[in-house]
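Colleague: Sequence and predicted structure are below.
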Amino acid sequence: NAYVTKLNAILGDKEEGETIEAIAAKAKAAGDGPLFNQAAQHFNHAFYFGGMKPNAPDTMPADLEAALTKDFESVDAFKKAFMDKAVGNFGSGWTWLLYDTADAKLKIVNTGNAGMPEGTQRPVLTMDV
C-alpha cells in the first residue's frame, strides 16, 4: 500500500492509462529514482502476491514441469538452484524465475532493491529476499 500511495502522490494524473511496467521503464530511462522505486516495487509486490493462491493444487502444471526439467534438468535441481541464488542475493532484492524470449529459456536472476525484469525477460515466479 505504501508503494501505491507514494506512487500516486508522485504521479498525480500523469501517465494515466500506462502499465506499471511502462511507468517503471520510463522512470528508469529518465533517471527518476524515486518514481522508478515506487513503480517497480509496486509491480514486484503485486506479481509476488498475485502468485499466492488459496487452495492451490498440490501439483504444478505439466508444461511448467516440462520447461523446468528442460532448462534445469529436474524440478528438484531448479528448486535447489533457485534457493541457492536467493540466499546469495546480497541485501534487499528479488530472486526471479524468468522466461527470456531472446533465447526461449527459463533463467534464475537476482535483482537488487526495486530491480525488476526488463526487456526480453518475462517473470514466472519471484521471491522477495
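Modeller: Structure received.
Colleague: Figure out how far the lengthiest helix in the chain is from the centre of its chain.
Modeller: Counting residues, the longest helix found in the chain (DSSP state H) is helix 33-50. Computed by CA atoms, centre = their mean, to the nearest Å, the chain-centroid distance of helix 33-50 equals 9 Å.
Colleague: now swap in stretch 114-128 and tell me
Modeller: That offset, for stretch 114-128, works out to 3 Å (CA atoms, centre = their mean).
Colleague: Would you mark the buried spots in it?
Modeller: Across stretch 114-128, burial judged by 16 or more other CB atoms under 10 Å covers 114-117, 121, 123-127. To be clear about C-beta, it is placed using only N, CA and C from the backbone, and glycine gets the same treatment.
Colleague: Let me have those residues in a markdown table, extended by secondary structure, pLDDT and distance to Glu73.
Modeller: As requested, the buried residues of stretch 114-128 are exported to a markdown table (DSSP: H, G, I helix; E, B strand; the rest coil; pLDDT from 0 to 100; distance: CB to CB, whole Å):
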| residue | secondary structure | pLDDT | distance to Glu73 |
| --- | --- | --- | --- |
| Ala114 | coil | 95 | 32 |
| Gly115 | coil | 95 | 27 |
| Met116 | coil | 95 | 27 |
| Pro117 | coil | 95 | 23 |
| Gln121 | strand | 96 | 21 |
| Pro123 | strand | 97 | 22 |
| Val124 | strand | 96 | 17 |
| Leu125 | strand | 95 | 18 |
| Thr126 | strand | 97 | 22 |
| Met127 | strand | 95 | 21 |
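Colleague: Phe47 touches Met127, doesn't it?
Modeller: No - here Phe47 does not reach Met127: they are 10.9 Å apart, not a contact under CB atoms under 8 Å.
Colleague: Report the mean confidence score over the longest helix of the chain.
Modeller: Mean pLDDT, helix 33-50: 94.
Colleague: and it, which residues are buried?
Modeller: For helix 33-50, by 16+ other CB under 10 Å, it's 35-45, 47.
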